[in-house]
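**Q** Dropping the sequence and predicted coords here.
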Amino acid sequence: MSNVIGIDLGTTHSLCAVFRESGPVLIPNSHGGYLTPSVVGMLESGEIVVGSAAKELRVTHPERTASCFKRYMGSDRKIQVGPKTFQPYELSSLVLKSLVADAENFLGEEVTEAVITVPAYFHDHQRQATKIAGELAGLRVRRIINEPTAAALVYGFHARDQERQLCVIDLGGGTFDVTVMEVFEGTLEIRSTAGESMLGGEDFTDRIVSAVLHHEKLQLEIAELKQPLRVARLRVECEQAKRKLTAEEVVRIRLPDLDGSIPENPKEFRVDRQTFARLSETLMKRISTPIDRALRDASLSPGEIDDVLLVGGATRMPVLQDYVRSYFGKPAIMEHNPDEVVALGAAIQAALIENDAAVNDLVMTDVCPFTLGVEIAKEFGGQTTAGYFYPILHRNSTIPISREEVFYTVSPNQKQVEVRVYQGDARKIVDNIALGSLSVKDIAPGPVGQPIHIRFTYDLNGLLEVEAYSAGGKKHRTVLTNHVHGLNEDQIRDAVERLQALKIYPRENLEYQKLARFCERMLGEINRDERKQLDRALDYFEEAMASCDKEECERAERVVRTVLEELGIEYFENDDE
Ligand code: ADP
Ligand code: MG
């Protein structure tokens, strides 16, 4: 049995799974749950914590935490965590490291290989950054696969003999993906995929946060800078409210003070389902575009879809489910837990790579989500104008795919051509995304019209390789992303050293740390007398943790839990609840 783990590296939660004889199984984290918040924090001691403890810390010390960094994968954005700055892929690698530690603890052996999932709509830079994050975490990344494809694999694994057209709708914390696929006799054929990488459940939360702040005549972006503690606490309130609205008609949101604490008689905001629907109206409008597009690319009408599968925590929202029901004319299926299904699928993919006998009769094909091409010049009335886009690989072509096209020089004795690569569907390159470029410098002298061959190869990981050469010239080749946003060896070494220099908080004490940070958060929500009591218990607990004496820690933990109970504060053991 292989130990290649499947990892769902999510915007808000990450989790991993492994394939066993009976199928894929989820791997628990140190809190006994499966969902690890994708949050990185730095404790006062300078040690790094990942997951639930960091999520608690985010409320009381937002400046020492980072979250939602998946949204910036593949960009050069720097993220500050306490005194240190990180690249998004470094933060992701810390999350991956923590998952690997959980997996090693669960399996009782070293874990060195993984399949990592990404939103189908992630472009090259984002995929490459994900791969780098895996490598920095000490993993050999066997495959990068699309999240909806992974979800569909779970479905295909369980319903192998059916013939159906499926549409997977994946609304996570930060991204939205739609995938249309066909299942027949164990073959899973992805037909089309579309999405938006800047639309997710967190945006719905932000709409509520904004609405509350609006009452206070504040704008979210400004409040976030000027009143970070208040916004951090308010966001937790709004997140809880959003989730409660899934089951309840009306919720109340308490407005924190400037210092981020909740006063004894806080100002309250009432939000009902209708208000929430109104607040999310413009977000919901953006949901339909990728669905329309995926169906059109698959040449199917909504009525021709047999099953709609919902993936991602945010698909629990009634507004989303109502929308899906009216769009497809039937309710969606949520047979598997929408938070867990992607990781389970990644583990099935790992088994497929390892040729596990249990998945022998399962075959899968995937597609390239974007149109990829190069810049060309066009001739109008004897004038050549550059800046036009020429597609080489069309979106939703089945992968792996390799295609060569021939282009021609535009001036006599032209020695050089710059092959500029773009992604998108617009006619002009300015409206598409630049992926990088490649020079062909050895064109033999000759008249206009010397051929230049350009080959695009899109592999199973969704990474693009571009090759270009002139007649008799040598082949110039680049995996584009390495060229643009990837790291060279020095940079990788540097990143490894920087990460190694970090002190990671020991996994075996993470549970204590989470409890302590939870108490710290609660201090801001209770009255003065209660506060005194909890504060005293927390001091005792912190002291015990610092002493590293196991018995002392256990004793202090019991005291803290008793105080919480006396104060009527509910403590969730993990983030699955
Ligand atoms: P990701 O894969 O991007 O990390 P998840 O699939 O874990 O995302 O989904 C996280 C999102 O789902 C968050 O925005 C969270 O608020 C939302 N979510 C989770 N549970 C619920 C619920 N019961 N009602 C509404 N939204 C929810
Ligand atoms: Mg997800």
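**A** Looks like it arrived, so ask away. Residues are numbered from 1 along each chain as shown. Ligands and ions are numbered 1, 2, ... in the order given.
**Q** only C-alpha atoms for contact and neighbour calcs from this point on.
**A** Will do.
**Q** What residues of stretch 242-258 count as buried?
**A** Residues of stretch 242-258 classed as buried: 242-243, 245, 250-257 (neighbour count, 16 or more other CA atoms under 10 Å).
**Q** where does this structure dip in pLDDT?
**A** In the predicted model of the chain, residues 1-2, 160, 478-486 satisfy pLDDT under 70.
**Q** Could you chop it up by domain?
**A** The chain is divided into the following domains under automatic domain parsing: 201-281, 370-483, 507-566.
**Q** Backbone dihedrals for the closest residue to residue 110 other than its chain neighbours, please?
**A** Among residues not flanking residue 110 along the chain, residue 104 sits closest, at 5.5 Å (CA to CA, 6 or more residues apart in numbering). As for residue 104, its main-chain torsions (degrees, to the nearest 10) stand at phi -70, psi -40.
**Q** count of neighbours near residue 104?
**A** 16 (other CA atoms under 10 Å).
**Q** Test my guess that it contacts residue 111.
**A** Yes: when contacts are counted by CA atoms under 8 Å, residue 104 is listed as touching residue 111 (5.9 Å).
**Q** coming back round to it: of the domains of the chain, which is nearest ligand 2?
**A** Among the domains of the chain, domain 201-281 comes nearest to ligand 2, with 10.5 Å by CA to the ion.
**Q** That closest one near ligand 2 at all?
**A** No: if you take CA under 5 Å from the ion as the test, domain 201-281 misses ligand 2, and the best it gets is 10.5 Å.
**Q** End to end on that domain, go ahead and measure it.
**A** Using CA to CA, to the nearest Å, the end-to-end distance of domain 201-281 comes out at 13 Å.
**Q** now that domain: how far from the chain's centre is it?
**A** Remark: domain 201-281 is offset 24 Å from the chain centroid, using CA atoms, centre = their mean, to the nearest Å.
**Q** Same question for stretch 559-566.
**A** Worked out by CA atoms, centre = their mean, stretch 559-566 lies 36 Å from the chain centre.
**Q** buried residues in that stretch?
**A** 559-561, 563-564.
**Q** do the same with stretch 107-125
**A** Result for stretch 107-125 [16+ other CA under 10 Å]: buried residues 111-125.
**Q** Okay, and which of the residues you listed map to helices?
**A** 124-125 (DSSP state H).
**Q** so what's residue 55 up against?
**A** Taking CA atoms under 8 Å, 6 or more residues apart in numbering, we find residue 55 in contact with 37, 39-41, 65.
**Q** what do you get if the cut-off is 6 Å, keeping everything else the same?
**A** For residue 55, the contacting residues are residue 39, by CA atoms under 6 Å, 6 or more residues apart in numbering.
**Q** Apart from its neighbours in sequence, what residue is nearest residue 474?
**A** In space, residue 474 is closest to residue 442, 7.5 Å off (CA to CA, 6+ apart).
**Q** Can you say which helix or strand has the one you found in it?
**A** Here residue 442 is covered by no helix or strand, with elements defined by DSSP states H and E.
**Q** Would you mind measuring from it to residue 454?
**A** Distance from residue 442 to residue 454, counting by CA to CA: 14 Å.
**Q** Looking at those two, which has the bigger crowd around it?
**A** Neighbours per residue, other CA under 10 Å: of residue 442 and residue 454, the larger number sits with residue 454, 22 against 17.
**Q** Name the secondary structure element that contains the more buried one.
**A** Going by DSSP H and E, residue 454 is part of strand 451-458.
**Q** any idea how far the residue nearest to residue 110 lies from ligand 1?
**A** From residue 104 across to ligand 1, the span is 22 Å (CA to the nearest ligand atom, to the nearest Å).
**Q** Kindly report the same for residue 410.
**A** Noted for residue 410: a distance of 47 Å to ligand 1, by CA to the nearest ligand atom.
**Q** same check, this time on residue 187
**A** As judged by CA to the nearest ligand atom, residue 187 and ligand 1 stand 26 Å apart.
**Q** Count the neighbours of that residue for me.
**A** Neighbours around residue 187, by other CA under 10 Å: 20.
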